[in-house]
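Visitor: what follows is a protein structure lacking sequence information:
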């Protein structure tokens, strides 16, 4: 079945193409078309995963283009990493498709929404399937485009289209670095195929400096796409898009593409301790940085957005600590529990028509299904065994603990505490306590099977997916994923440590307990807490002033620079142009005068002379025959006399 | 044989008559007749010189015939113009015709 893996990407592409060209009645069924296509893809990808799990591999490549002497091949491959990701992407995409049937019902751009969803699914699957960096880059930009379109889905509001623009431009900063990284590899090796590059790097064809440079540049792209510090600013704003889109693109799949890139290029990264160090530091710092911001957010989607940034930081920490498995495992589990949380949040938003946590509360009795599935996701993310998040977070923490920089472990542990804290806070504010907005709470209700089914399926996976990597079963995921890098790649598979598991569990329970105490138990009032830590609260509330800083440095800086170049353009360049123009006009006047006075004078002078002569001579033409005759006779006589006289 | 001088004198007299007529007459027909006189005076000169200076050479006579031919054409043309004049203004006084004045 593995050799049919390309079908996975084909279905959504066909669906998208059909949606774009389909006439009339078929156009109205774009939702069904998209959902069926993704379902078909999902089935195929499951079969592929089963096949790959059993040891099958498949790849194909062909000549795509030729530019001068440079051959550009294109191809696809499936290995354990991409096979797993294919299933994850397809599953989440399918769930989002089903969920949107209800959530987006009656939307102004319902059909277009599904069309872009299909295009996105195709691009994401393509990104996973390609076997070279050029294809990766193409699909990388395609998913970015779909993200842009979907964030700006309700573009009538300026804030939404601004958010779309911000996401596009911010990720572009990373993409430039990534493109340069790809070109560095191409310049040194003349190939962009993963396999060729790995073997070249491992056989020592590339110097360590080149490997480090290329890895860090590639990581720049990952920073942009996966919203890591300092390019994280776009993801919270991207919440302007529809909630199912946030679940699919900005939680489970596209933002995970950065992690996938590093995992995919792990044979390269693992050769450079410097690159790994920076991946780990960026991830570790972002994990705690974003977690602290999430603690004070009022918007339920913003909480989840910062949580996503923080969890992606965990993945990079795991990869940077040298453990491919930790990073990719957390990637898979996070995709499930985070898309679950987003869809549950969507269900809540759909019911109460607000995203502000302080306008919710007391929803549990009316939305039990949503509340329970949300709580499974929340506990999974907080890291309570035996839910998925516990196993994967444990792997990450373990990798950090055994890495050369254990300080990152303690950072990640604090982040784990904060994770448990903020998600418990959000849970309590949304579902429990008294309804702070009676009107909204009274009208809240579940929204039918199309929204409940995806929640159920994802809850099942958020709870159970971790068992794949559980020590109880001998870490099957670890052995499986290890098959996606060439033999000889250094994979740090750390010894399990009871201490780490204990501390992780302690941090999670402590976070839940403290948050439950503050928000549920009423140990301390929120107001007094805020008063006590006023400066810190403001700092977190304003997201460390990063947006303000960027606004000052980049936006204002760009504006100032453009003002400067504008002034240069207006005064100096325009001045020169105008001076040249003025000179031209003056010269034209001068030549015009010369033309009129001298040349026209000469021409007119000739005319006037002829006219004057004619006026004189016409008097001879009297019209009287006799005059002529007399003149003639006189002339003849005169001539005769002259002739005679000359003789 | 009549001496050449007589004949030349005759032709000069004839030419003078023609010239006088052409300059003094106002009637177009008379003018044309006077011009014919002058042409014939020339013819006489041609024939006289041919006969006396170069006997046996026909070129002088041929020239005379040419002149007569041209004169015939000229008379035809002149009479046609005069005919048109008389039709237009019922008068053939050349002093009343000066529409070609410059």
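Guide: Cool, the structure landed. From a predicted model like this one, the values you see are computed outputs, not experimental measurements.
Visitor: okay, now residue A:618: neighbour count?
Guide: 11 (other C-beta atoms under 10 Å in any protein chain shown). C-beta here means a position set from N, CA and C on the backbone, and glycine is covered the same way.
Visitor: contact partners for residue B:84?
Guide: Contacts here follow C-beta atoms under 8 Å, 6 or more residues apart in numbering or on different chains; on that basis residue B:84 touches nothing.
Visitor: and it, which helix or strand is it part of?
Guide: Using DSSP states H and E, residue B:84 maps to helix B:59-89.
Visitor: quick check: mean pLDDT across that helix?
Guide: Helix B:59-89 comes out with an average pLDDT of 90.
Visitor: in that helix, what's buried?
Guide: Within helix B:59-89, the residues scored as buried using 16 or more other C-beta atoms under 10 Å in any protein chain shown are B:60, B:63, B:64, B:67, B:71, B:78, B:82, B:85.
Visitor: would you state the strands of chain A in chain order?
Guide: A:58-67, A:70-78 (DSSP state E).
Visitor: just name the most buried of these.
Guide: strand A:70-78 (a mean of 18; mean count of other C-beta atoms under 10 Å in any protein chain shown).
Visitor: and the angle for it with strand A:58-67?
Guide: Put simply, strand A:70-78 runs at 160 degrees to strand A:58-67, going by axes from the mean of the first three to the mean of the last three C-alpha atoms, to 10 degrees.
Visitor: for strand A:70-78, packing partners?
Guide: Packed against strand A:70-78 by the contact rule (3 or more C-beta pairs under 8 Å, 6 or more residues apart in numbering or on different chains; DSSP states H and E) you find strand A:58-67, helix A:110-129, helix A:133-151.
Visitor: which positions in chain B make contact with chain A?
Guide: Proximity of chain B to chain A is confined to B:19, B:22-23, B:26, B:31, B:94-95, B:97-102 under the rule C-beta under 8 Å from any C-beta of the partner chain.
Visitor: and which of these is nearest to residue A:241?
Guide: residue B:102 (96.4 Å; C-beta to C-beta).
Visitor: tell me the pLDDT of the closest one.
Guide: So, for residue B:102, pLDDT stands at 65.
Visitor: again with residue A:514
Guide: So, for residue A:514, pLDDT stands at 87.
Visitor: for it, give me its contacts.
Guide: Counting by C-beta under 8 Å, 6+ apart, residue A:514 has contacts residue A:421.
Visitor: now the buried residues of helix B:59-89 in TSV, with distance to residue A:114?
Guide: Output for these, formatted as TSV (distance: C-beta to C-beta, whole Å):
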residue	distance to residue A:114
B:60	120
B:63	114
B:64	117
B:67	113
B:71	112
B:78	107
B:82	107
B:85	104
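Visitor: for residue A:347, which non-adjacent residue is spatially closest?
Guide: Nearest residue to residue A:347 in three dimensions, chain neighbours excluded: residue A:370, at 4.5 Å (C-beta to C-beta, 6 or more residues apart in numbering or on different chains).
Visitor: residue contacts, the one you found?
Guide: A:344, A:347, A:348, A:351, A:363, A:446, A:452, A:455.
Visitor: with residue B:35 instead?
Guide: B:18, B:22, B:74, B:78.
Visitor: again with residue A:53
Guide: Counting by C-beta under 8 Å, 6+ apart, the residues that residue A:53 touches are A:80, A:83, A:480.
Visitor: for the strand or helix carrying residue B:19, packing partners?
Guide: Assigned by DSSP H and E, residue B:19 falls within helix B:4-24. Packing contacts for helix B:4-24, counted by 3+ C-beta pairs under 8 Å, 6+ apart, involve helix A:625-646, helix B:28-53.
Visitor: quick check: mean pLDDT across the shortest one?
Guide: Average pLDDT, helix A:625-646: 89.
Visitor: next, the angle helix B:28-53 makes with it.
Guide: Angle, helix A:625-646 to helix B:28-53, by the same axes, to 10 degrees: 30 degrees.
Visitor: which strands and helices lie in contact with helix A:625-646?
Guide: Right, helix A:625-646 is packed against helix B:4-24 by 3+ C-beta pairs under 8 Å, 6+ apart.
Visitor: apply 10 Å and report the result again.
Guide: helix B:4-24, helix B:28-53 (3 or more C-beta pairs under 10 Å, 6 or more residues apart in numbering or on different chains; DSSP states H and E).
Visitor: so which bits of the shortest one are buried?
Guide: Taking 16+ other C-beta under 10 Å as the basis for neighbour counts, the residues of helix B:4-24 that come out buried are B:7, B:11, B:14, B:15, B:18, B:19, B:21, B:22.
Visitor: just these now: which is nearest residue A:566?
Guide: residue B:22 (94.9 Å).
Visitor: excluding chain neighbours, what is closest to that closest one?
Guide: Nearest to residue B:22 is residue B:34, by C-beta to C-beta, 6+ apart, at 4.0 Å.
Visitor: wait, isn't the one you found in contact with residue A:633?
Guide: No: the pair residue B:34 / residue A:633 is not scored as a contact, 11.5 Å apart, by C-beta atoms under 10 Å.
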